[in-house]
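Undergrad: below is the sequence, then the predicted model.
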Amino acid sequence: MMKKLFLMFLFGPFFIAYSQKPAKMYFEVRKDSVFYYADNIETYPVSVAFTGQPELDNLRMADPFKSVQVLHPNSVKNKVASFVVNDRKKGWKLKKMPDYFTLAGDATIHTYDAEYVYDLPFRKGKSFNIYQGYNGTFSHQNENSLDFVMPEGTEITAAREGIVIEAVQNNNTGCPNISCANQANYVSIMHSDGTIAQYYHLKQNGVKVKAGDPVKKGDLIALSGNTGWTNGPHLHFVCFLPDPSKPKQKNTLKTLFRTGDGSKSEYLSEKKTYAKQY
């Protein structure tokens, strides 16, 4: 009877609660074993971060349970966990699987190319001021992000080559408080070392790329705007590694940029203006 109840629980409300994009979770029961799988339909790696351990009744874990697991791009039936019945003469039950959330990218990567030199994310001949730099007081507390003040419609170029993993351009709302934070248009580009760059506050219908597109350094990717949490037209640039232990699930990184004629590389500073002559 316990086994029958368990199966109803497994494929009924439990499945619904845990089937969310971009990772689809599901179970299979084979004889006295339970297998927990995940599919990733995205074209980039997705990390699943669990908030605890499974609660078991007369079951044991066949393998150690990993709190962070990475699903490869376009992959199905990735085994997340497996359980085996201890005593076949008794009823058994998977009482609870821990809650989870998903992150774009590989959250097991902790090292990256810290010496890589980025291009400034705008066209040659332009110059823009850094209104808010790393650990800025307005919205960058404990965050390595940069805000370039620029008019709406400024051409934004890729600072580094990579693959576009997200492109949002349908929003047309901006305001100077956190209530508008989820209204920003943006482009996310994944780099070869697993880092991800995001270009925020883009103009409505101003994105020039789509998810899955490869981009080269200097390619046009979008037009700047004033959408989301913003107190004026600007480009918010951030580079990070996914990290489930951080409040925003991001370990934001300082990045070197080529400035001036391109012969110099440096970290950009708040209240300074940087020209691109290359």
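TA: Cool, got the structure.
Undergrad: low-scoring stretches of the stretch 101-250 of the chain, by residue?
TA: Screening the stretch 101-250 of the chain residue by residue with the criterion pLDDT under 70, one finds the ranges 136-141.
Undergrad: residues contacting the residue nearest to the spatial centre of the chain?
TA: The residue at the geometric middle of the chain, judged as the C-alpha nearest the mean C-alpha position with C-alpha atoms, centre = their mean, is Ala104 (3.6 Å). Contacts of Ala104 were listed using C-beta atoms under 8 Å, 6 or more residues apart in numbering, and they are 22, 42, 44-47, 165-166, 188, 190, 196, 242. C-betas here are computed from N, CA, C, even on glycine.
Undergrad: okay, and which of those map to strands?
TA: Secondary structure defined by DSSP state E assigns 46-47, 165-166, 188, 190, 196, 242 of these to strands.
Undergrad: would you quantify the distance from the residue lying farthest from the centre of the chain to Asp32?
TA: The outermost residue of the chain, judged by C-alpha distance from the chain's mean C-alpha position using C-alpha atoms, centre = their mean, is Lys89 at 45.6 Å. Relative to Asp32, Lys89 is positioned 11 Å away (C-beta to C-beta, to the nearest Å).
Undergrad: next, find the distance separating the nearest residue in space to Lys276 that is not next to it in sequence from Ile156.
TA: Counting by C-beta to C-beta, 6 or more residues apart in numbering, the nearest residue to Lys276 once its immediate chain neighbours are dropped is Leu120, at 4.4 Å. For Leu120, the distance to Ile156 (C-beta to C-beta) stands at 10 Å.
Undergrad: need the residues touching each of the two.
TA: By C-beta under 8 Å, 6+ apart, Leu120 and Ile156 have no common neighbours.
Undergrad: that older thread, show me what contacts the residue farthest from the centre of the chain?
TA: For Lys89, no residue counts as a contact, taking C-beta under 8 Å, 6+ apart as the criterion.
Undergrad: try His72
TA: Taking C-beta under 8 Å, 6+ apart as the test, what His72 contacts is 40, 45, 78.
Undergrad: try 10 Å this time
TA: Taking C-beta atoms under 10 Å, 6 or more residues apart in numbering as the contact definition, His72 lies against 40, 42, 44-46, 78, 106.
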